[in-house]
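A.B. asks: from the sequence below, what's the structure:
(chains A and B)
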Amino acid sequence: MASFTITPVEKGILRCQHTGPMTHEDVRSLAGFLHDYRGKLLVDLSGTSGEECARNLQQFRPLMPTTAIFGGEINPIILEIPESYYTHEVRYFNKEEEAMNWLRNQ
Amino acid sequence: MENKVVLDTFVKETGGYVASQLEACTRCGICAEACHFYEATGNPEFSPVWKIELLKRAYEQRFTLSGKIKLALGIDKKITEEDILHFSKIVYEACTMCNKCSMVCPMGIQLGPLIHEVRAGLSNAGVVPADLMAAVNKQVEEGSPLGVTDDVFENRMEWVADEWEVDLPMDVKGADTLVVFSSIEIMKFPENIAAIAKILNKAGEKWTLSKKAREVVNFGFYEGSLERTKMFLQRVFDGAMDLGVKKIVVTECGHAYDAMRWTSYNIMDVPKGIEITHIVGLMGEYVRSGKIKLKEGAFNDGIVTFHDACKIQRRGGHIKEPREILNILAPKTFKEMSPNKEESVCCGGGGGVIAIKEADPIRYAAFELKIDQMKKVGAEMVVMSCSNCRLQFTDCVQHFNLDVKVAGLSQMVADSLVE
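C.D. replies: Numbers count the residues shown, from 1 in each chain, chains lettered A, B, ... in the order given. Here you go, the predicted model:
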């Protein structure tokens, strides 16, 4: 079973739900997904501990589209990268509702 | 003050070569039709001949009798600071330095290098678009325009090695080949790193990465600054010298390849005995020699087309290799866009343009020419060998909501290796 699932939330927004430790194959397929995906992303970390996915979140950060993250305790510092022409905004929220409100307005 | 610095730069740089180029122009306008920004917008100020107008006026007013008379009689006007600011927008935002204009000029005028000369004057005067200059300054201060510091580089390489399960040799003294990635590959396309490593390892190449020469992109070259172009090149050459390599392989970055492969030899002492090549050339060599074998027809599922990068294909001449590779990978579905090869239309994102937010409207306008080309062949996948082009395609595919997959050639090769 994959360690993440991708499901539609509403038009232009997909939910990426983290459900467990990521294998190498999962990381590679998620990288492929992020390259091909053209909408906004809601990352739901409620199925995992923040620690477990911190390294991957940090490394995936430059590849992310406009993204709202919620559901797991992470240090927001891992999402900080220098603003640049290739980057999109990524923010962390405590609650799903807040995350969705922000995402809808982007 | 700005105009004085610009003019002084032109005077300093305007030797017999530049003078002969300027005198040879017959104002036929053929270069305009070769420029994607002119073709996309119809704006006459985007024609290449107009982009060198500042240099031409400065030359005429300082060095020719007719120019001096025109100035004295008020037929021509002195170059003002407003002119300088206006031309800064034109030569940085509406020129990717693709050099197609030089190729079509019946007088053989090298318009691209002349436009680069205009950028050099503007750079010396400090009239460079803020977004582009911010990236240049970041590369000066941190060694990377995109924030690839020592720590970021090490962490990124460790992650790629772990997750893609590839060996990424680092700082190996005595290796034959130094591989230098662009910062956009490191940050945005990390799978390119894994793909290229997989190919090199399969071919049995004795290669290494270098922490010192950790990236090859050269924002000083975009800017037109001789000093900073040399500074960034020197970092790569220093890394190569430390490790004693015989070859430097530039990965999927066109402008960096131009800077290393040709410009460096004209502006600085390049270490002797080091061959500089591009990953596309190397992959072609591997396929021809049988060092790597590819699964025939691995991408035969949908129409695949190839976008020729200005600096790698038109200038670099690596035209046959990608086609040889694609004819193996997609023998039934590979279709050429038209025009192609040397005559290909630029994607509109090179030369630093994609880094300038204010240039977005004309960058997107220029890309519409590529959309037409892709639609005519029914492309479902567009492949390229330059990550800057790839970023432009990725961004524009999203902007225009196109149903086209964007891919790097190295990644396709890596995915199709016969074990």
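A.B. asks: and stretch B:213-233, does that touch chain A?
C.D. replies: No: Stretch B:213-233 lies out of reach of chain A by C-beta under 8 Å from any C-beta of the partner chain, never closer than 11.5 Å. The way it works is simple: take the backbone N, C-alpha and C, and place the C-beta from them, glycine included.
A.B. asks: got the buried residues for that stretch?
C.D. replies: Buried residues in stretch B:213-233, counted by 16 or more other C-beta atoms under 10 Å in any protein chain shown: B:213-226, B:228-230, B:232-233.
A.B. asks: any idea of the pLDDT on B:Ala19?
C.D. replies: Predicted confidence (pLDDT) for B:Ala19: 87.
A.B. asks: where is the longest helix in chain A?
C.D. replies: Ordering each helix of chain A by length in residues (DSSP state H) puts helix A:24-36 first.
A.B. asks: which other helices and strands contact that helix?
C.D. replies: If you count contacts as 3 or more C-beta pairs under 8 Å, 6 or more residues apart in numbering or on different chains; DSSP states H and E, helix A:24-36 packs onto strand A:4-10, helix A:50-60, helix B:150-163, helix B:190-203.
A.B. asks: and it, average pLDDT?
C.D. replies: 94.
A.B. asks: how close does the residue of chain B most remote from its centre get to B:Gly67?
C.D. replies: Outermost residue of chain B with respect to the C-alpha centroid, by C-alpha atoms, centre = their mean, is B:Leu73; its distance is 43.0 Å. Going from B:Leu73 to B:Gly67 by C-beta to C-beta, to the nearest Å gives 11 Å.
A.B. asks: chain A contacts on chain B?
C.D. replies: Counting by C-beta under 8 Å from any C-beta, chain B sits next to chain A at B:131, B:135, B:138, B:145-147, B:155-156, B:159, B:162-165, B:184, B:187-191, B:354-357, B:391, B:394, B:397-398, B:401, B:405-406.
A.B. asks: which residues does the most centrally placed residue in chain B contact?
C.D. replies: When C-alpha atoms, centre = their mean is applied to chain B, the residue found nearest the centroid is B:His255 (2.5 Å). By C-beta atoms under 8 Å, 6 or more residues apart in numbering or on different chains, B:His255 lies in contact with B:97, B:217-218, B:221-222, B:311, B:350-352, B:388.
A.B. asks: for it, which three-state class applies?
C.D. replies: Here B:His255 is recorded as helix under DSSP: H, G, I helix; E, B strand; the rest coil.
A.B. asks: separation between it and A:Pro82?
C.D. replies: 20 Å.
A.B. asks: got any ranges where chain A has weak pLDDT?
C.D. replies: Filtered on pLDDT under 70, chain A yields the residue ranges A:1.
A.B. asks: near chain B, which residues of it are found?
C.D. replies: By C-beta under 8 Å from any C-beta, the residues of chain A that approach chain B are A:24, A:27-28, A:31-32, A:35-36, A:38, A:55, A:58-59, A:62-63, A:81-82, A:84-86.
A.B. asks: domain ranges for chain B?
C.D. replies: For chain B, the domain assignment from automatic domain parsing gives the residue ranges B:2-127, B:131-288, B:291-415.
A.B. asks: quick one: mean pLDDT over the shortest one.
C.D. replies: Looking back up the chat, that one is domain B:291-415. 97.
A.B. asks: could you do the longest one as well?
C.D. replies: Taken as a whole, domain B:131-288 has a mean pLDDT of 97.
A.B. asks: now find how far off-centre it is within its chain.
C.D. replies: Mean-position distance between domain B:131-288 and its chain equals 14 Å (C-alpha atoms, centre = their mean, to the nearest Å).
A.B. asks: how long is that domain end to end?
C.D. replies: 43 Å (C-alpha to C-alpha, to the nearest Å).
A.B. asks: now the residue nearest to the centre of chain B: how far from chain A?
C.D. replies: Noted for B:His255: a distance of 14 Å to chain A, by C-beta to the nearest C-beta, to the nearest Å.
A.B. asks: likewise for B:Asp242?
C.D. replies: Applying C-beta to the nearest C-beta to B:Asp242 and chain A gives a distance of 27 Å.
A.B. asks: that residue and B:Ser210 touch, don't they?
C.D. replies: Yes: counting by C-beta atoms under 8 Å, B:Asp242 touches B:Ser210, with 7.4 Å between them.
A.B. asks: quick one, which of the two is more surrounded?
C.D. replies: With neighbours defined as other C-beta atoms under 10 Å in any protein chain shown, B:Asp242 and B:Ser210 compare such that B:Ser210 has more, 24 against 15.
A.B. asks: next up, the contacts around the more buried one.
C.D. replies: B:170-171, B:178, B:180, B:239-240, B:242-243.
A.B. asks: three-state assignment of the spatially most central residue of chain A?
C.D. replies: Central residue of chain A (C-alpha atoms, centre = their mean): A:Val43, 3.8 Å from the mean position. In terms of secondary structure, A:Val43 is strand; the call rests on three-state DSSP.
A.B. asks: A:Phe70 is in contact with that one, correct?
C.D. replies: Yes: assessed by C-beta under 8 Å, A:Val43 is found in contact with A:Phe70 at 7.4 Å.
A.B. asks: dump the residue contacts of the residue of chain A positioned farthest from its centre.
C.D. replies: What lies farthest from the middle of chain A is A:Tyr85; by C-alpha atoms, centre = their mean that is 19.5 Å. With contact taken as C-beta under 8 Å, 6+ apart, A:Tyr85 is in contact with B:131, B:135, B:354-357.
A.B. asks: burial check on the closest residue to B:Arg214 other than its chain neighbours, number of neighbours?
C.D. replies: Nearest residue to B:Arg214, sequence neighbours excluded (C-beta to C-beta, 6 or more residues apart in numbering or on different chains): B:Phe153, at 4.7 Å. For B:Phe153, the neighbour count with other C-beta under 10 Å is 21.
A.B. asks: need the contact list for B:Phe153.
C.D. replies: B:186, B:211, B:214-215.
A.B. asks: same check on A:Ile74?
C.D. replies: The contact partners of A:Ile74, by C-beta under 8 Å, 6+ apart, come to A:45, A:50, A:53-54, A:57, A:92.
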